[in-house]
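In: here is a sequence together with a model predicted from it:
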Amino acid sequence: MSDELNLAREILQGRSHRDVPDDEILARSRQLFEDWMGGEVRMERPKVYDHYALVIAALLRRVGDLEARLARLEDRPEP
């Protein structure tokens, strides 16, 4: 058994990606990346469909939400 972590599995913990809130995805991925960069954990070689897709999707949703909030604050049509 490998001692390398799989980012998506660590975040999902057996749940569907639809059942994990974006805030949890972003917080957990940030912690895992910080630990990895600090040499505290090892991670499997990245596979975009596995490791990063989860984080990228959460970030894209967050950007969309922030753009909509900004548009409302600026009182202009949303993109």
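Out: Happy to help now that I have it.

In: host element of Leu26?
Out: Leu26 belongs to helix 22-37 when assigned by DSSP states H and E.

In: what packs against that helix?
Out: helix 7-12, strand 42-43, helix 53-73 (3 or more Cβ pairs under 8 Å, 6 or more residues apart in numbering; DSSP states H and E). C-beta: built from backbone N, CA, C; applies to glycine.

In: which residues touch the residue most central in space within the chain?
Out: Central residue of the chain (Cα atoms, centre = their mean): Val55, 2.4 Å from the mean position. Neighbouring residues of Val55 by Cβ atoms under 8 Å, 6 or more residues apart in numbering: Leu7, Ile25, Leu26, Ser29.

In: now do the contacts for the residue lying closest to the first one once chain neighbours are set aside.
Out: The shortest distance from Leu7 to any residue that is not its chain neighbour, by Cβ to Cβ, 6 or more residues apart in numbering, is 4.2 Å, and that residue is His51. For His51, the contact set (Cβ under 8 Å, 6+ apart) comprises Asn6, Leu7, Ala8, Met43, Glu44.

In: if any of the residues you listed are buried, put those into a ChimeraX selection.
Out: In ChimeraX syntax, the buried subset of those is picked out as below (16 or more other Cβ atoms under 10 Å):
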select :7,8
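
In: return the most buried member of the helices and strands packed on helix 22-37.
Out: helix 7-12 (a mean of 18; mean count of other Cβ atoms under 10 Å).

In: elements contacting that one?
Out: Packing partners of helix 7-12 (3+ Cβ pairs under 8 Å, 6+ apart): helix 22-37, helix 53-73.
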